[in-house]
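fold the following.
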Amino acid sequence: MNFFFKCFVLTLCLNLIEGAFRCDYNYIPTSKSWFKHHVMPATWDDARTTCSLEGATLASPITEVLELDMIEIIEKSFTPETEVFTGIHASTPAGAFHTIEGIPFSEIPLTWAPNQPDNKNDKEKCITLNGKGEIADRSCEEPRPFICYSGNVKAKPNECGNHDPEYFLDKRMNKCYKLHSTPRNFSRAFLACSAEGGHLAIINSDLEAKVLIDLFAKYPAKDMLGNGAYFWKEVAFVGFYDWGFGDWKTIEGQPIMEAGYAKFKSGEPNNSAPGEKCGSMYRKGELNDLWCDRPAAFFCEKFPNIPAYCEVSSKRNVTNS
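Numbers count the residues shown, from 1 in each chain. Take a look at the predicted model:
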């Protein structure tokens, strides 16, 4: 597929998206897309993951219109010299630059910054864009700001306020829950829940524990993909951890006893190997300490109206988020 045909397809898709999207994004009519700039720097992979979990894509200047919108956001939100990550990368084993959407770098008309590219130390596999419209190759591991955009918007969110069918509304708690069966370590689980508009589930009562027990039962270990030697499928991260010397508190800083649920399994927490500082829950509801840096399933919770969704007609034509 050549570049001009891809541009035509992209433009056609953008012309069909005028609907509703997260209110923490802003609609820009020139590209008929929704944008959000993230001021907090992140690695390229975390930026890509964050955009994806928000239902969007790490933005790339695929067309002149998208490039101009991205430049405007950079100028208004940062400085012209600020470089933001784009979705153009060469982080795959093949090593060839292309966008997250799969468009080869050679088909995107862009301007290199002075003395670029230089592939310093043979480690610059990601492309940045500055407010002057110049690109550069940079390390994917050096944190930078980034811009997410959506050009594929469904008109109506579901009862949980998003388009994720794995979230369900429990009317007893009036909250939505999801079990992520794809394992992540504690910090990336925290990131995933936050990007989806919620947080790692905090158990506040026996009833809420029962909600998570019932949800866990829908994901038998045999149906959870992944090697059991590296992915313990009988526990899932929840929202508490050891703040130091056995001071178990929720991610909001409240002692778990005060939060309403502190039922550890007999013999737990035991820090059986150094690093068991993060909270988890067994399938039967007992709490456990778990290694923070090892992947596990995890529970997210969110309120149905967070994040809020906005209609195009109600959006201001600005790029501030």
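
now do the helices in the stretch 51-200 of the chain.
Ranges of helices in the stretch 51-200 of the chain, per DSSP state H, counting those that start in this stretch, are 64-77, 186-195.

who does the longest one touch, helix- and strand-wise?
Read that as helix 64-77. When contacts are defined as 3 or more CB pairs under 8 Å, 6 or more residues apart in numbering; DSSP states H and E, helix 64-77 packs onto strand 33-42, strand 83-89, strand 126-130, strand 144-150. (C-beta placed from N, C-alpha, C; glycine too.)

okay, which residue is most central for the chain?
Thr50 (2.5 Å; CA atoms, centre = their mean).

quick one, strands of the stretch 151-300 of the chain?
Counting by DSSP state E, counting those that start in this stretch, the stretch 151-300 of the chain has strands at residues 168-170, 175-184, 199-200, 235-242, 248-250, 276-282, 287-291, 296-302.

how about Arg48: what's its closest non-neighbour residue?
Once flanking residues are discounted, Arg48 sits nearest to Leu58: 4.8 Å by CB to CB, 6 or more residues apart in numbering.

so which of the strands of the stretch 151-300 of the chain gets nearest Phe35?
Among the strands of the stretch 151-300 of the chain, the nearest to Phe35 by CB to CB is strand 296-302 (22.4 Å).

and that closest one, what's its mean pLDDT?
Averaging pLDDT along strand 296-302 gives 97.

what pLDDT does Gly161 get?
What the model reports for Gly161 is a pLDDT of 84.

likewise for the one 5 residues further on?
At Glu166 the predicted local confidence, pLDDT, stands at 94.

for Arg22, see how far away it is.
Glu166 sits 17 Å away from Arg22, going by CB to CB, to the nearest Å.

thinking again about what came up before, could you dump the helices of the stretch 51-200 of the chain to CSV with distance to Cys176 and mean pLDDT?
Shown next, in CSV, are these (distance: least, CB to CB, whole Å; pLDDT from 0 to 100):
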stretch, distance to Cys176, mean pLDDT
helix 64-77, 30, 94
helix 186-195, 11, 94
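
now render these as TSV, adding mean neighbour count and distance to Ile256.
As requested, those are exported to TSV (neighbours: other CB atoms under 10 Å; distance: least, CB to CB, whole Å):
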stretch	mean neighbour count	distance to Ile256
helix 64-77	19	39
helix 186-195	20	16
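
reformat those as CSV; add distance to Lys125.
Output for the helices of the stretch 51-200 of the chain, formatted as CSV (distance: least, CB to CB, whole Å):
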stretch, distance to Lys125
helix 64-77, 20
helix 186-195, 20
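
looking at those helices, which is nearest to Glu107?
Nearest to Glu107 among these is helix 64-77 (13.4 Å), distances taken as CB to CB.

off-centre distance for the closest one?
Remark: helix 64-77 is offset 22 Å from the chain centroid, using CA atoms, centre = their mean, to the nearest Å.

repeat for stretch 174-185
13 Å.

can you give me the neighbour number for Trp243?
14 (other CB atoms under 10 Å).

correct me, but it touches Lys249?
Yes. Counting by CB atoms under 8 Å, Trp243 does reach Lys249; the two are 5.0 Å apart.

can you pull out the low-pLDDT segments for the protein?
Residues of the chain meeting the criterion pLDDT under 70: 1-19, 93-94, 152-155, 228-229, 313-321.

show me how it divides into domains.
If you go by automatic domain parsing, the domain ranges for the chain are 3-151, 168-302.

out of the ones you listed, which gets nearest to Asn158?
So among the domains of the chain, domain 168-302 is nearest, using CB to CB, at 8.5 Å.

got the end-to-end distance for that closest one?
Start to finish, the residues bounding domain 168-302 are 10 Å apart (CA to CA, to the nearest Å).

what of stretch 120-132?
Note: stretch 120-132 ends 22 Å apart using CA to CA.

buried stuff in that stretch?
Buried residues in stretch 120-132, counted by 16 or more other CB atoms under 10 Å: Glu124, Lys125, Cys126, Ile127, Thr128, Leu129, Asn130, Gly131.

quick check, nearest of these to Trp44?
Cys126 (4.5 Å).

residues near Glu311, how many?
Neighbour count for Glu311, taken as other CB under 10 Å: 13.

what separation do you get for it and Tyr25?
Taken as CB to CB, the span from Glu311 to Tyr25 is 12 Å.

thinking again about what came up before, mind putting the domains of the chain in TSV, distance to Cys160 included?
Below are the domains of the chain laid out as TSV (distance: least, CB to CB, whole Å):
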stretch	distance to Cys160
domain 3-151	12
domain 168-302	4
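
flag every buried residue along stretch 29-44.
Buried-residue list, stretch 29-44, by 16+ other CB under 10 Å: Ser31, Lys32, Ser33, Trp34, Phe35, Lys36, His37, His38, Ala42, Thr43, Trp44.

show me the two of those that sit farthest apart.
Farthest-apart pair in these is Lys32 and Thr43; separation 29.7 Å (CB to CB).
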